[in-house]
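[1] would you be able to build a 3D model of this:
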Amino acid sequence: MFAKIKPSIFIDALQFELTSHKGDRLKGILRDEKGSVCSTLEKTVLTERENFTWSGLNDLPYGRYTLELSRGEEQMEMRLVKRI
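    The predicted structure is shown next:
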C-alpha cells in the first residue's frame, strides 16, 4: 500500500500519507456511488515519505465515494464517506 488516507471520512479535503520513490507519478480518481468521476488528481511525488492534501472537495454532495489511486502499474481502491 503506497498511500494511507487519514481519516476515511472527509468534509472538504483528503489527507494522504504517501510512501513512494521520489519522482513517481500518482494519479487519483474520486467517483461517486453511481461510478461518475467527481474529481481527478495527478501529482509527482517529491520525497519518499510525504503528507499531501487533496483539497477543493467542498462542492461535492455528501455521500459515499470510491477513491482509485494508481502509481505506475500498482493500483489501490478505498471507500470514503463525505459528510457535511
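[2] count the neighbours of residue 41 for me.
    Per other Cβ atoms under 10 Å, the neighbour tally for residue 41 reads 16. Every C-beta, even on glycine, is put in place using the N, C-alpha and C of the backbone.
[3] quick check: closest non-adjacent residue to it.
    Of all residues not flanking residue 41 in the chain, residue 28 sits nearest, at 3.9 Å (Cβ to Cβ, 6 or more residues apart in numbering).
[4] report the beta-bridge partners for the one you found.
    Taking DSSP bridges as the rule, residue 28 bridges to residue 41, residue 69.
[5] and what of residue 3?
    residue 18.
[6] residue 63 contacts residue 34, correct?
    No - at 9.9 Å, residue 63 does not count as touching residue 34 under the criterion of Cβ atoms under 8 Å.
[7] the more surrounded of those two?
    residue 63 (13 against 7).
[8] what about residue 72, neighbour count?
    Residue 72: 12 neighbours (other Cβ under 10 Å).
[9] now do the contacts for it.
    By Cβ atoms under 8 Å, 6 or more residues apart in numbering, residue 72 lies in contact with 24, 25.
[10] returning to what we had before: wait, what's in contact with the residue nearest to residue 41?
    If a contact means Cβ under 8 Å, 6+ apart, then residue 28 has 40, 41, 42, 43, 54, 67, 68, 69, 70 as its contacts.
[11] now residue 58
    11, 12, 13.
[12] and it, how far from residue 74?
    Residue 58 is 29 Å from residue 74, where distance means Cβ to Cβ, to the nearest Å.
[13] same thing with residue 10?
    In terms of Cβ to Cβ, residue 10 sits 23 Å off from residue 74.
[14] same drill for these two, tell me which one is more crowded.
    residue 10 (21 against 11).
[15] what's the closest non-adjacent residue to that one?
    residue 82 (5.7 Å).
[16] what's the local residue count around the one you found?
    Residue 82: 20 surrounding residues under other Cβ under 10 Å.
[17] in this structure residue 64 contacts residue 79, no?
    Yes - with contact defined as Cβ under 8 Å, residue 64 reaches residue 79; the gap is 6.7 Å.
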